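1. attaching a predicted model along with its sequence, questions to come.
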Amino acid sequence: MNRHSFEHDGVVFSFLDMGGDGKPLLALHGHWMGASDFADFATDMGPAWRVIALDQRGFGETDHGVAHDMASYVDDVVALLDHLGIQESIPVLGHSFGGIVAYHLAAKHPDKVSAMIIEDIGVHIQDDSAPFVERWTGTFRLREELEDRLGARLAPYLQKSIHRVAEGWTLNFDPAEFLISEQATNGDHWSIWLQSHCPALVISGSESRVCDETELRAMAVRRNNTEFAQIEAGHSVHIDQRQNFTKLVNTFLTS
């Protein structure tokens, strides 16, 4: 994937684009993560699909210290599609936080979204990560010190969010800014989820500590044209079960 940038709303955004002649597929990452976490998935989906992955505001190589609210997240995606000259509706894959943005996008701009893949995120969100995320702030002399602070369970998933600076190692997002984003996505999103009508696939990680399987199943039951699937994985299904996840997404998109 090649990295590119564009400016919107006074924010410089970074994104990865697989390029080629494949059909566009937009991927939106979860909190703490970034566009680069979809690099392997993009390789697996090519050349039939041209995966485009956005570093959302405050994450990855996109500007930090900016406003955070659902309307801005949705407008950012529309600006990216406009920048790329994509006029037709396309499938959108959203992991966690990215899934919330995806179903808000489909509700507000139904002409932009031909299908949704919602990866392990529900519609009733009430998270408070402050007790452990606040400890991630700062620059660490050794990479291993930062990994220890992240903990054995989370460090493997955040490898692409760790980067080198002159003073040592730090995260490519500000934990304090993430907490603002977390508050911006908290709330009851049921009505938004039910507003759109495009085909949708809700994917559950059977070992996820983030989502309630019952709620994810209910999302498929209550919304027309929606399927539910579960894979033996944690919250980041596309990382834990890369091949099975890719196969499931391909089957859905071609059906």
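-> Thanks, I have it. Numbers count the residues shown, from 1 in each chain.

2. how about the contacts made by the most centrally placed residue in the chain?
-> Nearest to the mean C-alpha position of the chain, by CA atoms, centre = their mean, lies residue 29 at 2.0 Å. Taking CB atoms under 8 Å, 6 or more residues apart in numbering, we find residue 29 in contact with 35, 37-38, 53-56, 59-60, 95-98. Heads up, the C-betas are built off the backbone N, CA and C, glycines and all.

3. could you do residue 4 as well?
-> Residue 4 touches 14, 15, 16, 17, counting by CB under 8 Å, 6+ apart.

4. what about the host helix or strand of it, distance to the chain center?
-> Applying DSSP states H and E as the criterion places residue 4 in strand 2-8. In terms of CA atoms, centre = their mean, to the nearest Å, the centre of strand 2-8 is set 17 Å apart from its chain centre.

5. can you dump the C-alpha atoms of it in CSV for me?
-> The C-alpha trace of strand 2-8 is given here as CSV (Å, rounded to 0.1, in the frame of the first residue of the first chain):
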residue,chain,number,x,y,z
ASN,A,2,1.2,3.5,-0.8
ARG,A,3,0.8,6.4,1.7
HIS,A,4,-0.8,9.6,0.6
SER,A,5,-2.2,12.8,2.2
PHE,A,6,-4.8,15.4,1.7
GLU,A,7,-6.2,18.4,3.7
HIS,A,8,-9.7,18.8,4.9
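
6. that one: which residues count as buried?
-> For strand 2-8, the neighbour count (16 or more other CB atoms under 10 Å) marks residue 8 as buried.

7. what comes up buried for the helix or strand that comes right after it?
-> Where DSSP H and E defines the elements, the next helix or strand beyond strand 2-8 is strand 11-17. Buried residues in strand 11-17, counting neighbours by 16+ other CB under 10 Å, are found at 11, 13, 14, 15, 16, 17.

8. distance to residue 76 and pLDDT added to those residues, as JSON lines?
-> Below are those laid out as JSON lines (distance: CB to CB, whole Å; pLDDT from 0 to 100):
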{"residue": "11", "distance to residue 76": "8", "pLDDT": "98"}
{"residue": "13", "distance to residue 76": "7", "pLDDT": "98"}
{"residue": "14", "distance to residue 76": "12", "pLDDT": "98"}
{"residue": "15", "distance to residue 76": "10", "pLDDT": "98"}
{"residue": "16", "distance to residue 76": "15", "pLDDT": "98"}
{"residue": "17", "distance to residue 76": "16", "pLDDT": "98"}
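
9. coming back round to it: the strand holding residue 4 versus strand 11-17: what angle between them?
-> Compare the direction of strand 2-8 with that of strand 11-17 by axes from the mean of the first three to the mean of the last three CA atoms, to 10 degrees and you get 150 degrees.

10. mind listing what strand 2-8 pairs with, with the direction of each?
-> strand 11-17 (antiparallel) (DSSP bridges).

11. C-alpha coordinates for the partner strand, CSV please?
-> This file holds the C-alpha atoms of strand 11-17, laid out as CSV (Å, rounded to 0.1, in the frame of the first residue of the first chain):
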residue,chain,number,x,y,z
VAL,A,11,-6.5,18.9,9.2
VAL,A,12,-3.9,17.0,7.2
PHE,A,13,-5.0,13.4,6.8
SER,A,14,-2.8,10.4,5.9
PHE,A,15,-4.1,7.3,4.2
LEU,A,16,-3.0,4.1,2.5
ASP,A,17,-4.2,3.1,-0.9
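
12. run through who's touching it.
-> 1-7, 35-36, 38-39, 42, 50-55, 57, 60-63, 66, 76, 79-80, 84.

13. among these, which ones are in helices?
-> Those of those mapping onto helices are 39, 42, 76, 79, 80, 84, per DSSP state H.

14. let me see the contact set for the nearest residue to the last one once chain neighbours are set aside.
-> Leaving out its chain neighbours, the residue that sits closest to residue 84 by CB to CB, 6 or more residues apart in numbering is residue 52, at 7.0 Å. Residue 52 makes contact with 15, 16, 17, 18, 24, 25, 26, 27, 80, 84, according to CB under 8 Å, 6+ apart.
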